[in-house]
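Q: pasting the sequence and the predicted coordinates here, then a few questions.
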Amino acid sequence: MSSVSTASTSKTLVWYKRHPVVFASGILSVATLIDGLAMLGQVALTARLLSKEEFGLLGMALGWTFVAAAFLDFRVWEVMTIMIPKWQAKKKLRRASALVAGCFLLELLGGLITSGILITSAWLAAAYYAKTPDAVLLFLILAVQPLLMSADEPARTVLKLAGQFRTLAIWRGLSGLGQLALVSAAVLSIGSPEAVAGAIVVSWIARLVVLALLLRGALCRLKLKPIASGIRRLILPTLLSQRSLLTTTMFSSIAGRLNNRLDVVILGFLSSPEVVAPYDLARRLTSQAGLILGPIEQVVFPRISKMIATEDAQRDQFLKKLTMGLAAFLIPGIFLAILACPYIIPPVFGNNFNSAVLPAQILLLAYLPTPLLWMRPLLAARMENRFLLIIGYASVSVQLMVGLALIPSHGYVASALSVVAAQAFWWCALVFRTKIQNATPR
C-alpha cells in the first residue's frame, strides 16, 4: 500500500513540475485561503464582540484609509512585472536594479505623504465623515497604515519575479494567522475599535520585517543590486524613462482602489455607522473571493509578460486553457456561495447582521466574469495602460452615479448594485478591446 501511495505522490510532483503555473497558483491560493479564513475569523470576532455602531465605525475608518491611500499608489508592481523580464532578457541588469530601487522610493514617498495627510485630517474625518468626534483616535491609528503598506507590493513583486512562490505562500499564510492572533487578543482583552486598529498596525509591522529578510535572497536570485554603488545615479533617469508607464499605472491604481471601497465611503457619508455595519460585513466577506483569485493573476501576469517579451507562440493556447479551467472551477463556486449566504452569515456573525445577506449575494455576482482575469494583464503587457486607465475611471464614474442616485432611497442594496454595475462595465470594455473570439483560438 505504501509503495502505491509513494508512486502516486511521485507522479503528482512530476505533474506539478511540468505545470509551474498550476503549482504556483495552487500554493499561493492555499496560502491566500488560509489568510482569508483568518480574516473571516477576525471579522466574526469583531462583529460579535463590538457593538454594531463600533463595527460600523471600524469599517468606515478602514474604508477611509483605503481610499486615501489610492491617490499616491504608483502601482509599481505592474511596471516591475512588465519591464524587469524585458531588461533581464536583454542583459540590462543595472537598469533593472535601478528600477527596483526607484519603485521602492516612489512607494515610500507616496505612503509618507498619504499618512501625513491622514494624520493632519483625522479630526475632520471623525467629525464630518464618521459624525463622531470621539473616533479621532481610531482614524489616527489607521493613518500610519499607508506608509506601512507602501513597501509591501514592490517587495512581493521581487519574490514573484524570482519564482519564490512557495516562500511567498508560507509568508502570506503565517501573516494572516499572526494578524488573527493579535486582533483576537485585542478585541477579547480591550474590546474597542481602536484596539483592533492597533493590532492591525502591529501585524503589518511584523509582516514587513519578515518580508524584508526574504527580499535579500530574491534579489540575489535575480542578480539585482538596487543598493549597490553606482545604481543611485541611474534611479532618476530610469524612472524618467518609464514616466509614461508609471503615470498611467498610478492613475489606473487610483481607479481600481476607488472601485474597491468607494461604495463604503459614499454609504458612510449618506447614512450612519449602524447602516454601514451590515454592508461593510458583506463587502469584507465577498472581498475574500477576490483575495483567493488574486494569486492566480499574480502568477499569470509574469507568465504573460514573459510570453509577450519572447513572442511565445503558445500564448493563445495557454490563455484558452486558463479560461476553460477557471470557468469550470469558479462559476459553480460563486453560485454555491450565493446560495450559502443565508446559512452562514446569521449563524456565524449574529442575527444583528441578517441584513448583510442580500448585499453579499448581489456583490458575489460581480465575480462571475473572473475566468477572464487574464485580460487585464495581457493588455498591460501589451502596453495598453492608457486604455485601462480610461475604462478604470469610466467604471468609477458608473459606480459613483449609480450609488449617488440609488443609495438615498435603497441604502446598502444600492451600494451593492453600484459595484456590480461598475464591474459589468469594466469587463464588457475588456472583452471588446481584446476581441476574445480572436485572442483565444477555437
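A: Nice, thanks for sending it over.
Q: please count neighbours and contacts with C-alpha atoms only from this point.
A: Noted.
Q: what packs against the helix or strand harbouring L267?
A: Using DSSP states H and E, L267 maps to helix 243-270. If you count contacts as 3 or more C-alpha pairs under 8 Å, 6 or more residues apart in numbering; DSSP states H and E, helix 243-270 packs onto helix 52-70, helix 76-89, helix 273-310, helix 385-434.
Q: ok, and for that helix, which residues are buried?
A: 245-268 (16 or more other C-alpha atoms under 10 Å).
Q: show the average pLDDT along it.
A: On average, the pLDDT along helix 243-270 is 79.
Q: list the contacts of the nearest residue to A155 once chain neighbours are set aside.
A: Nearest residue to A155 in three dimensions, chain neighbours excluded: L215, at 6.3 Å (C-alpha to C-alpha, 6 or more residues apart in numbering). Under the criterion of C-alpha atoms under 8 Å, 6 or more residues apart in numbering, the neighbours of L215 are 155, 158-159.
Q: most neighbours among the residues you listed, which one?
A: Ranked by the number of neighbours (other C-alpha atoms under 10 Å), these place V158 first, at 25 neighbours.
Q: wait, it sits on G217?
A: No. Counting by C-alpha atoms under 8 Å, V158 stays clear of G217, with 9.9 Å between them.
Q: cross the contacts of L215 against helices and list the overlap.
A: Judged by DSSP state H, helices contain the following of the contacts of L215: 155, 158-159.
Q: dump these into TSV; add distance to A125 and pLDDT as well.
A: Converted to TSV, the ones in helices among the contacts of L215 look like this (distance: C-alpha to C-alpha, whole Å; pLDDT from 0 to 100):
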residue	distance to A125	pLDDT
A155	31	92
V158	36	92
L159	37	91
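Q: for L28, state which of the residues you listed is nearest.
A: L159 (12.3 Å; C-alpha to C-alpha).
Q: so how far is L168 from that closest one?
A: 7 Å (C-alpha to C-alpha, to the nearest Å).
Q: do L239 as well
A: 27 Å.
Q: go on, R216?
A: Taking C-alpha to C-alpha, one finds R216 at 13 Å from L168.
Q: what strand or helix carries A96?
A: Assigned by DSSP H and E, A96 falls in helix 93-120.
Q: how much does that helix deviate in direction from helix 243-270?
A: On the basis of axes from the mean of the first three to the mean of the last three C-alpha atoms, to 10 degrees, helix 93-120 is oriented at 20 degrees to helix 243-270.
Q: residues of helix 93-120 that come out buried?
A: 93-104, 106-108, 110-112, 114-115, 118-119.
Q: doesn't L40 make contact with L285?
A: Yes. Counting by C-alpha under 8 Å, L285 does reach L40; the two are 7.0 Å apart.
Q: who has more neighbours, these two?
A: Using other C-alpha under 10 Å as the criterion, L285 and L40 rank with L285 on top: 23 against 19.
Q: state the distance from that one to M83.
A: L285 is 35 Å from M83, by C-alpha to C-alpha.
Q: ditto for S192
A: For S192 relative to M83 (C-alpha to C-alpha), the value is 45 Å.
Q: contacts only, for L364.
A: Contacts of L364 by C-alpha under 8 Å, 6+ apart are 286, 334, 337-338.
Q: I'd like these as a markdown table, with pLDDT and distance to G230 appended.
A: Listed next are these as a markdown table, based on pLDDT from 0 to 100; distance: C-alpha to C-alpha, whole Å:
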| residue | pLDDT | distance to G230 |
| --- | --- | --- |
| T286 | 87 | 47 |
| I334 | 90 | 51 |
| A337 | 91 | 54 |
| I338 | 93 | 56 |
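Q: and which of these is nearest to V431?
A: I334 (20.6 Å).
Q: what bits of the chain have low per-residue confidence?
A: 1-26, 29, 290-295, 298, 309-310, 312-313, 436-442 (pLDDT under 70).
Q: L140 contacts S115, doesn't it?
A: No. Using C-alpha under 8 Å as the test, L140 is too far from S115 to be in contact (9.2 Å).
Q: next helix or strand past the helix holding A96?
A: helix 122-124.
Q: now A135. Its backbone dihedrals?
A: Backbone torsions of A135, given as degrees, to the nearest 10, read phi -80, psi 10.
Q: now I331: how far from I235?
A: From I331 over to I235 (counting by C-alpha to C-alpha), the distance is 45 Å.
Q: same thing with N385?
A: Counting by C-alpha to C-alpha - N385 and I235 are separated by 22 Å.
Q: show me where the stretch 101-250 of the chain has its helices.
A: 122-124, 136-142, 145-149, 152-161, 165-189, 193-222, 232-241, 243-270 (DSSP state H, counting those that start in this stretch).
Q: list the helices and strands the shortest one packs on?
A: Right, helix 122-124. helix 136-142.
Q: need the residues that contact the helix it packs on.
A: 58, 61-62, 65, 118-119, 122-123, 125-127, 193-194, 197-198, 201.
Q: nearest to A394, of those residues?
A: Nearest to A394 among those, with distances taken as C-alpha to C-alpha, is T65, at 22.6 Å.
Q: the closest one contacts A143, correct?
A: Yes. Taking contacts as C-alpha under 8 Å, T65 lies within contact range of A143: 6.6 Å.
Q: which residues do these two both contact?
A: Joint contacts of T65 and A143 (C-alpha under 8 Å, 6+ apart) are L118.
Q: who's more crowded, the two?
A: For T65 and A143, the more surrounded residue by other C-alpha under 10 Å is A143, and the numbers stand at 30 against 22.
Q: how near is that one to A61?
A: From A143 to A61 the distance is 9 Å (C-alpha to C-alpha).
Q: same thing with Q361?
A: Taking C-alpha to C-alpha, one finds Q361 at 24 Å from A61.
Q: and the two? Which one has more around it.
A: A61 (28 against 21).
Q: contacts only, for the more buried one.
A: 130, 138-139, 142.
Q: over to Q145?
A: Residues in contact with Q145, defined by C-alpha under 8 Å, 6+ apart, are 65, 115, 201, 204.
Q: so how far is stretch 101-114 from its chain's centroid?
A: Distance of stretch 101-114 from the chain centroid (C-alpha atoms, centre = their mean, to the nearest Å) equals 18 Å.
Q: give me the contacts around it.
A: Here stretch 101-114 has contacts from 68-69, 72-74, 76, 80, 146-151, 154, 226-227, 235-236, 238-239, using C-alpha under 8 Å, 6+ apart.
Q: list only those of these flagged as buried.
A: Using 16+ other C-alpha under 10 Å, the buried ones in the contacts of stretch 101-114 are 68-69, 72-74, 76, 80, 146-151, 154, 226, 235, 238-239.
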